[in-house]
Every structure is written in C-alpha cells, then in structure tokens.
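Asks: I would like the atomic coordinates for the input below:
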Amino acid sequence: MTYRIALAAALALTLPVTAQAQVAAPGPAVAADRVASPDQVAEAARQAMADTGAKGLAIAVIDNGRVASVQSFGIRNAAGDPLTPDTIMYGASLTKALFAYYAMTLVDDGRLDLDRPIADMLPRPLPDYGNLDRYGNWGDLKDDPRWRRITPRMVLTHSTGFANFAFLEPDGKLRIHFDPGSRYAYSGEGIELLQFGIESGLGIDLGTALQMRVFDPLHMPRTSLIWRPAYRANLADGWTAEGKVEPHDERSRVRAAGSMDTTIRDLANFAAALVRGQGLSPAAHAQMLRPTLPIMTAQQFPSLLPDAPPEKRVADLAAGLGVLTFAGPQGPGFYKGGHNDSTGNTLVCVQRGQRCVLILANDVRAEAAFPALVRTILGETGVPYRWEYPELFTGK
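Replies: Residues are numbered from 1 along each chain as shown. Next up, the predicted model:
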C-alpha cells in the first residue's frame, strides 16, 4: 500500500469504526484528583478487549507530569506474538502533536514566527514549486493568492482552508475553501505545507531535527518518522473493523502529518514532557495548549463541514497548536487522536495534576472502548468524544 493511499484511509474516513460499533459500557471512574492504579488499568483494558474484540492494546498513564505506568495487552500479529511496551506501533496522526511541539522549539529559538506567512519563508513563490509528490500540490494554488496569507499558526490550528488532502477533492486538485485563519477544518495537507516551509525555507531536515530535538532528549529511542529495518524484530501489525490483519506499513518518507513509528513506552515519555512543558519555554508551552481557534462544527469528520447551530456545537472546544483543547469537570484539558483502518490511538490530558492517559491500539475496534477507558483511568474529563466519534453514541 502506498503512503498516500494509506493516509487516505487513515485521515479521511468519516467513520473511524464500523457503523455497528457502539461505545463500550463505562466502568467505575476514579476520583478526579487521582489516576487509576496499574491493576485497575489492566482490568479495564482486558474488559475493553473482551467488549470490542480488539486483539492488542497498550496504555500509559501520566500523573503529576511523570509516567506512572506503562502496560500492553494482547498480541501484535496473527502469529500470536505478544504485544509488549517496546513493540513498534503506528503513531498515525499523533505525529502532528510531536511536530507541533518541535515547531514550538523553533519558536523558542527565534527561527519560526507563528504569524509570519509561510510564503515569506520560501525563496520562491509557493506555486512555482509545482506539484511535488514528496510534499503537496502547490502548483494548484497559482490562481488563488490567498496562499500568501497562510501562517504556521493557521497550519497548527487546522485553519488553512485546505481539504484533509488534495487527493480527496473530486478533481484531485488542492484548493483553498475559505479564508485562511477564519475557521477550523482538519487538514493533513496543511501540516505538510509547514513541513515544506521548514525544510525548504529554513534548510532543516525534519526527520533528523525531530530525532535531535524531541526523540533523543525525551528518551524515545525506538521512535522515528521513517522506517527502520530493526523494527521488524518486534513489530505490530493491525486489525481492521472486520477483523482482517493488515501488515505494518514500512513508511519510506518523513511526513509530519503521520509517518511516526513508536512504542507505548517512548510515547509515554513524550506525553509526560508535553503536559509538564519540558523542553519548551513557559510562553511556548502555554501557547501550544491554549484555546486559539473556537471549533463550530458538530463533529470532526468529514472535514470542511459547515458551522453547526449553537445548540449542536461543543462548548469550549477549540484548536490549540497541534492539539485540541476542551474544558470539563476537572478544568482545562487537551487531546489528540490518530487513526487508520487498523489503528486507533488517543492521548487525553487534564492540566490540573498534569494527568494523561495514552492509548495505542493495533486494532481499530478498540476505539469503541476509548471513552470508557479514559473515564475509568482519569475520571470524568469532558473530552469531546461525541464530536470525535459521533457514530459510537448513536441512540445514546
């Protein structure tokens, strides 16, 4: 499967799980000022797998900005090899959160201005680069001057005006659907535009830079934006909603929108660093997790939905930089998801107590259990899963 075809499945589907899937019944929630114990997490994970039929699940818990527990359950392939905390799993769109974190290190360095147009970073006009398979169809924008206005902040708040990806357009051409910066519409194409600006305008190799500025200092030795042959020794394949095994895709290109391979142990270290602000200035950390752009749609996908009437919007839901922010019973929080046909991932954090739960599943059926798992591990957070996975709540 080519990367772009795989990414279409990963990011463009309206329904992350089959229409028959329903949200798993919630277990008892922990108190709002604590996280579930490892035994409680294990019990909830096994129940989630029994309820959904998911073959593999890995869960990390962060408390007071530190990794409290890392566990894995089930199997990593059809041969029945066990899923372990060091098994390579697909990060999917969680990649975007790490890319945003790296972008904020550039802001701290004075190398990236969030409000300077990406066009001003480049030595040539964006459409003059043409349509590049490595990045995007920039040549398609030649007749719409609004490309000159798109900034890194617009990219990281998903307000470029692009579709999720150009190949999803009826004619396959990249276009700007609304004035950049005016509203939210999820776009991997926008993320690739900022990657292009950083690599072509600042002369930075993104894969190398994330290794040096993110993966190495945060103790993520088995994480990369590009395939490593050594991964084959302990690698997770995936299961689709129909129970079909999907081999792990060996991604050969660095894609900020979603090419990361990682482990639950590695990504737990990132989640802990992110919630406590390690590696960022206080100002950059606050900018990343602050509500920046209110979200007015009734659900996440398909992208480019019109604004919903006020009664169908999620109160206090907004785009931060690379994450989505919300307000709930425990105060402000943020989250990010990742998905393809055989992968379901979620990171949910509440800022009070610097508590998070990170779930990586190599079986997309596990998504139906995410609301119950998060509630059991963190308590009631207010994470807007009805907006993210509306089909799970049909009739509820």
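
Asks: now the strands for the stretch 201-350 of the chain?
Replies: Assigned strands in the stretch 201-350 of the chain, in chain order: 238-239, 245-246, 261-262, 293-294, 318-319, 324-328, 331-340, 343-350 (criterion: DSSP state E, counting those that start in this stretch).

Asks: so what strands line up beside the longest one?
Replies: What that stands for is strand 331-340. Strand 331-340 has these partner strands in its sheet, going by DSSP bridges: strand 324-328 (antiparallel), strand 343-350 (antiparallel).

Asks: can you redo the strands of the stretch 201-350 of the chain as JSON lines with mean neighbour count, mean pLDDT and distance to Glu189?
Replies: For glycine as for every other residue, the C-beta is placed from the backbone atoms N, C-alpha and C. Converted to JSON lines, the strands of the stretch 201-350 of the chain look like this (neighbours: other C-beta atoms under 10 Å; pLDDT from 0 to 100; distance: least, C-beta to C-beta, whole Å):
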{"stretch": "strand 238-239", "mean neighbour count": "26", "mean pLDDT": "98", "distance to Glu189": "24"}
{"stretch": "strand 245-246", "mean neighbour count": "18", "mean pLDDT": "98", "distance to Glu189": "24"}
{"stretch": "strand 261-262", "mean neighbour count": "24", "mean pLDDT": "98", "distance to Glu189": "22"}
{"stretch": "strand 293-294", "mean neighbour count": "18", "mean pLDDT": "98", "distance to Glu189": "17"}
{"stretch": "strand 318-319", "mean neighbour count": "20", "mean pLDDT": "98", "distance to Glu189": "16"}
{"stretch": "strand 324-328", "mean neighbour count": "21", "mean pLDDT": "98", "distance to Glu189": "18"}
{"stretch": "strand 331-340", "mean neighbour count": "23", "mean pLDDT": "98", "distance to Glu189": "17"}
{"stretch": "strand 343-350", "mean neighbour count": "28", "mean pLDDT": "98", "distance to Glu189": "20"}
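
Asks: What separation do you get for the residue nearest to the spatial centre of the chain and Pro82?
Replies: Most central in the chain under C-alpha atoms, centre = their mean is Leu94, positioned 2.8 Å from the mean C-alpha point. Using C-beta to C-beta, to the nearest Å, Leu94 is found at 23 Å from Pro82.

Asks: Next up, phi/psi of the residue of the chain positioned farthest from its centre, please.
Replies: Farthest-out residue of the chain from its mean C-alpha position, per C-alpha atoms, centre = their mean: Asp143, at 31.6 Å. Note on Asp143: backbone dihedrals following degrees, to the nearest 10 are phi -100, psi 10.

Asks: swap in Phe178?
Replies: Per degrees, to the nearest 10, the backbone of Phe178 is at phi -150, psi 170.

Asks: And it, how close does it get to Gln300?
Replies: For Phe178 relative to Gln300 (C-beta to C-beta), the value is 17 Å.

Asks: between the two, which one's more packed in?
Replies: More crowded of Phe178 and Gln300, by other C-beta atoms under 10 Å: Gln300, with 21 against 14.

Asks: just checking, the more buried one touches Trp387?
Replies: Yes - taking C-beta atoms under 8 Å as the definition, Gln300 is a contact partner of Trp387 at 5.9 Å.

Asks: Tell me where the stretch 251-396 of the chain has helices.
Replies: Along the stretch 251-396 of the chain, the segments classed as helices by DSSP state H, counting those that start in this stretch run 264-276, 282-289, 370-378, 385-388.

Asks: mind putting those in CSV, distance to Glu192 and mean neighbour count included?
Replies: Formatted as CSV, the helices of the stretch 251-396 of the chain follow (distance: least, C-beta to C-beta, whole Å; neighbours: other C-beta atoms under 10 Å):
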stretch, distance to Glu192, mean neighbour count
helix 264-276, 21, 25
helix 282-289, 20, 17
helix 370-378, 27, 25
helix 385-388, 22, 20
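
Asks: nearest to Ile226, of these?
Replies: helix 264-276 (15.1 Å; C-beta to C-beta).

Asks: what angle separates that closest one from strand 331-340?
Replies: 150 degrees (axes from the mean of the first three to the mean of the last three C-alpha atoms, to 10 degrees).

Asks: outside of helix 264-276, which residues touch it?
Replies: Contacts with helix 264-276, where a contact means C-beta atoms under 8 Å, 6 or more residues apart in numbering, come from 58-60, 62, 65-67, 70, 72, 85-87, 89, 91, 94, 97-98, 101, 214-215, 218-223, 278-279, 347, 349, 351, 354-356, 358, 360.

Asks: from the middle of its chain, how far away would it be?
Replies: Distance, stretch centre to chain centre, for helix 264-276: 14 Å (C-alpha atoms, centre = their mean, to the nearest Å).
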